[in-house]
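[1] for reference, the sequence and a predicted model appear below.
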Amino acid sequence: MSRNGAPGGLLDWLARGISVTGLGPLFWLPYPIAAIITVWMWRQSFPRLNRGLWPALVFPSALIALYPALLSGTGVWLANDYAAAWRNTLGLWCAFGAWLITAKSKPWVSIPVTALLVPPLGIYPLLGAIAANLWMFPLLAVPWLYSALFYYDLAPQYAYLKCGSILNFFRLTPLNVWNVLGFASFIAAAVLSRRLPAPRERRMPQFARWAALMLMAVLTGTALAMCIRKPDMRSQFRRERAIVEGRYADALKVPLSNGRALRMESAYRILALHKTGQLPDRLFEEPIWSTQKSTDAEENLMDGHELLFAYGLLLPARRYLYETMSTKGWMPRHFLILGDIATLYGELNLAERNYLQLSRCPYYRSLAKKRLDMIHADPVNLPDDLQSIAKAAKTLFTMLDTMKNADFFDLNQNPEQLIYNHFSCIKNGDTAEAKLCIACAMLNKDENLLHNNQGMLQSLFGVKGIPDCVYEAMLTAPDKPVPAMVPDRIKKKFTEFKNSARQTDDNSRDAFINRWANSYFFYYEYVK
Amino acid sequence: MNTSNRISLIAAPLLVWLCALATPQTAGGVTVTPDYTGIEIPPNIAPLNFDITGTDAGAKITFSYRADNGSHIDASGNKIRFGERAWREFISANAGREITGILTVNGATAVFTNRVSAFAIDSHLTYRLIPPSYSGFSEVGIYQRDLTSFKERPLYRNSQSDRLQCVNCHTYNASDPKQYLFHSRAYNPGTIVVSAKYGKKKIAPQIPNGYKGGVYPAWHPSGDFIAFSCNDTSQIFYERNPDKIEVMDSQSDLFLYSLQDDKVTMVETDPLLFECFPTWSPDGKFLVTSRARSPFTEIPADKTKRESQMQKQYAEIWYDLVVRTFNLNDRTFSEPRILIDAVKSKKSFTLPRISPDGRWLVFVNGPYGCFHIWHKSADLWMLDLKENRPRALTELNSTDTESYHCFSKNGRWMVFSSRRDDGAYTRPYIAAFNPETGKFSKPFILPAKDPAEHRRRMLSYNIPEFSSGPVKESPIELHGLTETAARPSR
């Protein structure tokens, strides 16, 4: 059984935030909450059942409407996917809220409220509304038919519909068509039975109850059997449970599947390495992950892009994201991360494509606009071959300010440190990333990093290929000796700059700017 | 990491940035998007709608295409859209002539010239739409686009199936919509073959050495045979390289499948030779393939060891272009002759396709390996088979990947896939071809009713293949074929 997708929007953010930012010890909490809601709704249906045949239909419709949520909850419990567990529990709360609103208010209130809740919260409010009022059931046809008709070209703003669990449950496949027809026949039979004499009315609620229970039992049993039969999931479960419970050293002891790292195994190993302080030493010793095909076990645990992105492993994060989007559908956050990764790599056209998609998602427009404004901004005034990379770096810093308040992941709040960390372990030979680090350092006016890594600069650019602006940046350090590698002409230029700056007055200001605006000295001294 | 990789790593972000700056400027800093300037247009293609960007919201914009016979077609606003009927009448009336585009933005005018070709393009284009993923998938479909309009219809969508099917490698016999094939892979595997001569069937060639079926196909022009390479394919992923991924064959052979009697004839089984991408000459007398000579002395029988060995030296796997003569009577092939030696040039040459007149062979030139769609440095090249002289198709290539390509039936057009727009999503580009000179015109992207659709559609166009008409089979019928049991070969 594959895990049902997230409902999208705020619930997704909340669930991931809760599960990733340190509430691991509370991993058991979603289940009693979900159980309480389910029992409460069960109890609520009893008085209605006692009032006659027609209200009795509330009972099976409630359970069946919520069944996708419950089933995915069962699945994620088996798969130890804590983010999804939280997501489904929060979703059930939303369903519960929609249930109350629909039950306690007029349709002209409840229908628009439900319609407003669905974009940010996903399919769950609709499920709750249906559970409270059977007449809302046809509304389910709207996202369902929409996705059936436009499954391939579903606009990103409706992505939450595509990955909402109900659509996975009711995808337009022959099997599901039969399921739906069967359900419709069941309702039709019940409606027709209203015309039958009273004794039948009393039997019908019992029949409805038992039919729904049987249906749930069969489907849950199938789900359980499918999960348990996956032997390759067991080590994944062990590793993930160890990580969620904070036993990182134990997580590292779990053997790799088939002696090589699957994608999620690598992601969790990286997290465990970080938590045990071994990441800098062992990151590049980690086995390369090589898969011929993704397994169900991996697909069940496919939020790895968040981990990888948080650790600054941008290309693997991007690859995971593409896989996730391909198999689980799109979510606004996917576009955000893809856009950010593309920006960091200077792939501005690709970044623009993703931010444009993000701008079409409700509630993300202003964020997308900020990102688009960033990548359309003029490049930093650095006169060398690092121009495009410097632009990406500048965008990064602007991006940080936005992300600090918008993201749940603590590591994301300090990616410049991550980049520097990469620089310190640049032994993997990634010259593009090293250049990005240099650009970051220069924009940050962090000349120490250049001073301390002169050997690295020479290996990157060659002895004669180091750009002038890098030499200039090395000279700006006030309390460091002048490195021997800096050419005399640069030293002379620096002396000239200092003299000019000292002699400049209001009359010669424009001439001074024209003369020196393209130098790093000028940037360092005057550009904030 | 070798020097060229280092250079590409440094250069990649810069090149992407430069590419972004290279969009055409026309009037007052405004841009025509997509770039439909200075191109050659088929006389039967759908309207080349475009957007004007870089203007103020309230800018007054008018556009007009004018021909020297006095005919013209006009549009206004920052979204230049032409009526389909008016467009068809205009370009068909101007076939073989130049047309002048006159763009006026707030009184400033810019002019560009396009040429309407006298030669029609094949009416349909078939492609697979896939997300840019690597191993996982959920939605895959083969679609056919009517190039004379904006209509696109699915031939097969895997959401038709309860179990997600994977379909790939759709191929026509010389653009004939009555002769085509595609593979279905995920379950109940086989190759769906639709043939005017031999009917519709699902085949499963039985091949020695543990192969799971044919992979890269090529129809013999007679329609009686299909040459397949059989490839044991695996993937490795880069952690740092912007090329993202390598798809490699740890073993691959070549065989001929006869549709007459469902018989398999092995053509090449040497484990030290890796064959792929067969293509026939238009007269069916020659078979050209890409073929790598193994740098190893032996190939391990164990698949994991084989893949591991290949991974370590994959940057030294270079594919030659080789040709064999084919004897139709006894279905035999000559010994292969090298057309272009890859080892000498330390480059890899793949995806050979020969023009319908038999003179020009277009191929992809990449740094190494066989799956160049993931190599940003991959470019299209062409070999003049008459003069035996290769050249880079600089008029078509960009700073990003150029890969799969296909000639139209009349040999006057070529479609090819390119990632020039953003480096991630493949789009089909079309260019006119002059078989006398061997030159291509400037390429242009597949026309769309709303050009922004190309940026909105988060799917890649995979394997663009021309066909001279629509496929008659419905998606339901093709789905039925994928569900049937495959006919084993003899």
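    Yes, it's here.
[2] low-confidence stretches in the stretch 351-490 of chain B?
    For the stretch 351-490 of chain B, residues meeting the criterion pLDDT under 70 lie at B:490.
[3] again, 80 this time
    Residues of the stretch 351-490 of chain B that meet the criterion pLDDT under 80 lie in B:456, B:487-490.
[4] show me the strands in it, by range?
    For the stretch 351-490 of chain B, applying DSSP state E, counting those that start in this stretch gives strands covering B:360-366, B:379-384, B:389-392, B:402-407, B:413-418, B:427-434, B:439-440, B:444-445, B:460-467, B:487-488.
[5] and residue B:424, how close does it get to chain A?
    5 Å (CB to the nearest CB, to the nearest Å). For every residue, glycine as well, the C-beta is placed using N, CA and C.
[6] quick one: closest of the strands of the stretch 351-490 of chain B to residue B:262.
    strand B:487-488 (6.3 Å; CB to CB).
[7] can you list the strands that that closest one pairs with?
    strand B:199-204 (parallel) (DSSP bridges).
[8] next, the buried residues of the partner strand.
    The neighbour-count check on strand B:199-204 (16 or more other CB atoms under 10 Å in any protein chain shown) flags B:201-204 as buried.
[9] after that strand comes which helix or strand?
    Using DSSP states H and E, the helix or strand that follows strand B:199-204 in sequence is strand B:217-219.
[10] against which helices or strands is that following strand packed?
    Packed against strand B:217-219 by the contact rule (3 or more CB pairs under 8 Å, 6 or more residues apart in numbering or on different chains; DSSP states H and E) you find strand B:167-173, strand B:176-184, strand B:225-237, strand B:273-280.
[11] and the ones you listed, which is most packed in?
    strand B:273-280 (a mean of 25; mean count of other CB atoms under 10 Å in any protein chain shown).
[12] report the contact partners of the residue nearest the centre of chain B.
    Residue closest to the average C-alpha location in chain B (CA atoms, centre = their mean): residue B:404, at 2.7 Å. By CB atoms under 8 Å, 6 or more residues apart in numbering or on different chains, the residues touching residue B:404 are B:351, B:373, B:416-417, B:462-464.
[13] coming back round to it: for the helices and strands packed on strand B:217-219, which one sits closest to chain A?
    strand B:225-237 (5.1 Å; CB to the nearest CB).
[14] give me the sheet partners of that closest one and which way each runs.
    Counting by DSSP bridges, strand B:225-237 is paired with strand B:217-219 (antiparallel), strand B:245-258 (antiparallel).
[15] what helix or strand is residue B:197 located in?
    Applying DSSP H and E, one finds residue B:197 in no helix or strand.
[16] just give me the neighbour total for the nearest residue to it once chain neighbours are set aside.
    The shortest distance from residue B:197 to any non-neighbouring residue, by CB to CB, 6 or more residues apart in numbering or on different chains, is to residue B:223 (5.4 Å). Residue B:223 has 19 neighbouring residues, counting by other CB atoms under 10 Å in any protein chain shown.
[17] from chain A, how far off is residue B:223?
    Taking CB to the nearest CB, one finds residue B:223 at 32 Å from chain A.
[18] mind listing what that residue touches?
    Residue B:223 neighbours (CB under 8 Å, 6+ apart): B:173, B:179, B:195-198, B:259.
[19] before we move on, what about residue B:299?
    B:250-251, B:271-272, B:306, B:309 are the contacts of residue B:299 under CB under 8 Å, 6+ apart.
[20] now the residues you listed as JSON lines including pLDDT and neighbour count?
    JSON lines is the format used below for the contacts of residue B:299 (pLDDT from 0 to 100; neighbours: other CB atoms under 10 Å in any protein chain shown):
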{"residue": "B:250", "pLDDT": "88", "neighbour count": "22"}
{"residue": "B:251", "pLDDT": "89", "neighbour count": "25"}
{"residue": "B:271", "pLDDT": "89", "neighbour count": "17"}
{"residue": "B:272", "pLDDT": "91", "neighbour count": "13"}
{"residue": "B:306", "pLDDT": "83", "neighbour count": "19"}
{"residue": "B:309", "pLDDT": "82", "neighbour count": "18"}
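[21] having no further points to raise, I will conclude here.
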